[in-house]
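what shape does this take:
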Amino acid sequence: MASYIQLPTTIDGQDCNPTPQQRAVYSYHEALDSDAADDIYSIEWFQRTKSFFKQFAKQDAAHITTLTTWEMVEDLDFGAFFLAHPVAAYSLWHLLQACYDLDRVVCGSSQEELHMVEKWESLKPFVYMRSKKVQTKWSKSLKHLKKEIECGALQGDPLVQRLYNILCGVERLQNSSAALADNFSINLKDMKFVDKMLDKVADVVDSRCSMIANLLKLEDSQETSGHEIEGSNDEGLGDSTYSLQSKSCDELPAVSPNITARLCKKPKRQTSQQQPAKDKIKTLPLKQPVIKNLEPKYNFVWSMLKLFLNTFLVSLLVLGFFILWQMFSITDTLSSTLCEFDRDFGLYNKPLALCSNL
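Numbers count the residues shown, from 1 in each chain. Alright, predicted model coming up:
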């Protein structure tokens with residue numbers, strides 16, 4: 001029989017380090033042989049849990065809040081949820097962080113907008129998810145991004161980086177959503193409103209992915225016939241082309257074919273600065289083989305050759321010092337031997353003795 005989600009406000013274990021909630025999260029993920037909770041024993045999480053304890057310290061320890069209506073679920077405080085159901089709340093935390101990160105990428109083009117995103121983070125989880133202001137800002141930001149792409153205001157490496165960050169954010173959002181569904185099905189099993197909570201999360205994820213896919217579609221007038229990619233004459237083409245081609249479609253998160261196809265194409269470049277005809281570069285389509293850059297290989301060979309020559313010269317220098325040292329040693333030894341021989345047999349004194357006899 002399904003039961004309601006209960007939130008006891010007990011503060012037992014608040015003086016422990018780590019707290020019981022931290023240990024519960026770590027033990028759950030350790031049993032699954034997962035590294036998803038490696039940061040749960042961090043100082044940040046300990047301080048965060050302590051702040052949750054302080055938040056409910058004045059309440060009666062025997063008081064239990066029961067979520068009997070969906071309105072109560074929407075008004076759910078994350079701190080109370082973490083103290084009562086730490087494993088499920090920890091998974092919800094990762095989903096929210098994925099949402100906030102994507103908010104910053106999509107809507108955080110200025111300091112004012114980043115400050116607005118920080119305010120969103122202070123909202124309660126499901127209040128944030130149902131917020132119309134967040135959805136409206138998302139729509140406006142993506143429309144503005146699409147306009148910048150179409151008019152050429154955003155192109156080259158900044159365009160590649162912006163779209164790639166969006167794709168990575170969507171991938172993280174989808175992964176955290178799937179992990180949340182698995183976690184809730186185990187740790188909040190047979191509890192009312194859990195399915196509705198998961199449906200709400202799925203709606204948020206699908207809505208944002210859909211907005212990205214729809215608003216970043218290319219206009220038909222910008223699609224080239226025969227799937228050819230336009231050439232460009234400005235000087236920055238080479239670097240931008242290489243950076244775009246280096247991020248192949250296989251390396252990107254599988255979010256939307258439209259987005260991935262757009263990212264795998266070179267951005268449209270303005271041709272205001274004309275170059276001599278002999279310096280014009282005709283860009284190959286992405287599907288055609290691209291000439292490999294052999295410079296790294298030559299650099300490697302040259303580095304190895306220099307290393308060999310340096311080692312050889314050092315070896316010769318050491319050998320020269322060794323030979324000189326041996327020569328001095330032999331000279332000293334020979335001199336000592338002659339002195340001893342003269343002392344014993346008097347070779348240097350015999351000619352003087354013969355002269356005196358004569």
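
where along the stretch 101-250 of the chain do the helices fall?
Using DSSP state H, counting those that start in this stretch, the helices assigned to the stretch 101-250 of the chain run over residues 111-121, 125-130, 132-151, 156-187, 194-215, 237-246.

lowest-confidence stretch among those helices?
Of all the helices of the stretch 101-250 of the chain, helix 237-246 carries the lowest average pLDDT, namely a mean of 40.

of all the helices of the stretch 101-250 of the chain, which one comes closest to S329?
helix 237-246 (61.0 Å; C-beta to C-beta). Placement of C-beta: from N, CA and C, glycine included.

which residue packs closest to I166, ignoring adjacent ones?
Counting by C-beta to C-beta, 6 or more residues apart in numbering, I166 lies nearest to V105, which is 5.6 Å off, once chain neighbours are set aside.

need the helices of the stretch 101-250 of the chain in TSV (columns: mean neighbour count and distance to A80).
Below are the helices of the stretch 101-250 of the chain laid out as TSV (neighbours: other C-beta atoms under 10 Å; distance: least, C-beta to C-beta, whole Å):
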stretch	mean neighbour count	distance to A80
helix 111-121	13	17
helix 125-130	18	11
helix 132-151	15	23
helix 156-187	18	16
helix 194-215	17	15
helix 237-246	16	47
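
and the ones you listed: which comes nearest E74?
Nearest to E74, of the helices of the stretch 101-250 of the chain and by C-beta to C-beta, is helix 125-130 at 4.4 Å.

lowest-pLDDT helix or strand in the chain?
helix 237-246 (a mean of 40; mean pLDDT, DSSP states H and E).

just checking, A24 touches H85?
No. With contact defined as C-beta atoms under 8 Å, A24 does not count as touching H85 (9.2 Å).

which of the two has more residues huddled nearby?
H85 (22 against 18; other C-beta atoms under 10 Å).

what's near enough to touch that one?
Residues in contact with H85 (C-beta atoms under 8 Å, 6 or more residues apart in numbering) are I5, L7, N187, L188.

let me know the closest of those to P18.
N187 (18.8 Å).

distance of that closest one relative to Y28?
8 Å (C-beta to C-beta, to the nearest Å).

what touches both of these two?
Taking C-beta under 8 Å, 6+ apart as the criterion, N187 and Y28 both touch V87.

so where's the protein shaky on pLDDT?
For the chain, applying pLDDT under 70 flags the ranges 1, 9-15, 58-62, 216-301, 340-358.

where do the domain boundaries of it fall?
According to automatic domain parsing, the chain comprises the domains 133-291, 298-357.

can you count the residues close to Q6?
Q6: 13 neighbours (other C-beta under 10 Å).

hang on, it packs against T66?
Yes. Here Q6 reaches T66: they are 5.1 Å apart, a contact under C-beta under 8 Å.

tell me the secondary structure at A98.
Here A98 is recorded as helix under DSSP: H, G, I helix; E, B strand; the rest coil.

any idea how far T331 is from it?
From A98 to T331 the distance is 79 Å (C-beta to C-beta).

settle it for me: which of those two has more neighbours?
Using other C-beta under 10 Å, the more surrounded residue of A98 and T331 is A98, with 21 against 10.

measure the more buried one to Y26 for me?
21 Å.
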